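Participant: sharing a sequence plus its predicted fold:
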Amino acid sequence: MTPFVTLGYRFLGDPPGIDLDDVVLFSLGAGYKISDDFSGGLVFDYRQASVATSDDSLELSPYLVWKPFERWGLNVYGIVGLSDGSPNHGGGVQISHTW
């Protein structure tokens, strides 16, 4: 089991006609090595709203990583929104290669 925390501050700037606020963000989660080829975990993400008329974003993201070869990985993840400032649900796939 590998717990992790990410803290950040994003400078968004102000495009013409839009007043955006810079935002604080953080992630909290844990990953677990299931076998030599598989690992998985769960991440909680928070992002402060960039405009006063929107809610902060709160999301849970479960994921599963398969490493079929030493330098290649396939990550499948889901997203569950926990606030009105988040998508209701989503997901995706990432392919990675390390050199």
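Facilitator: Yes, it's here.
Participant: any idea how far stretch 39-52 is from the middle of the chain?
Facilitator: With C-alpha atoms, centre = their mean, to the nearest Å as the basis, stretch 39-52 stands 6 Å off its chain's centre.
Participant: mind listing the helices for this protein?
Facilitator: In the chain, no helices are found when defined by DSSP state H.
Participant: for it, what spans make up the strands?
Facilitator: Using DSSP state E, the strands assigned to the chain run over residues 2-10, 23-33, 38-47, 57-69, 72-81, 89-97.
Participant: would a markdown table of the ones you listed with mean pLDDT be doable?
Facilitator: A markdown table is the format used below for the strands of the chain (pLDDT from 0 to 100):
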| stretch | mean pLDDT |
| --- | --- |
| strand 2-10 | 97 |
| strand 23-33 | 97 |
| strand 38-47 | 98 |
| strand 57-69 | 96 |
| strand 72-81 | 97 |
| strand 89-97 | 97 |
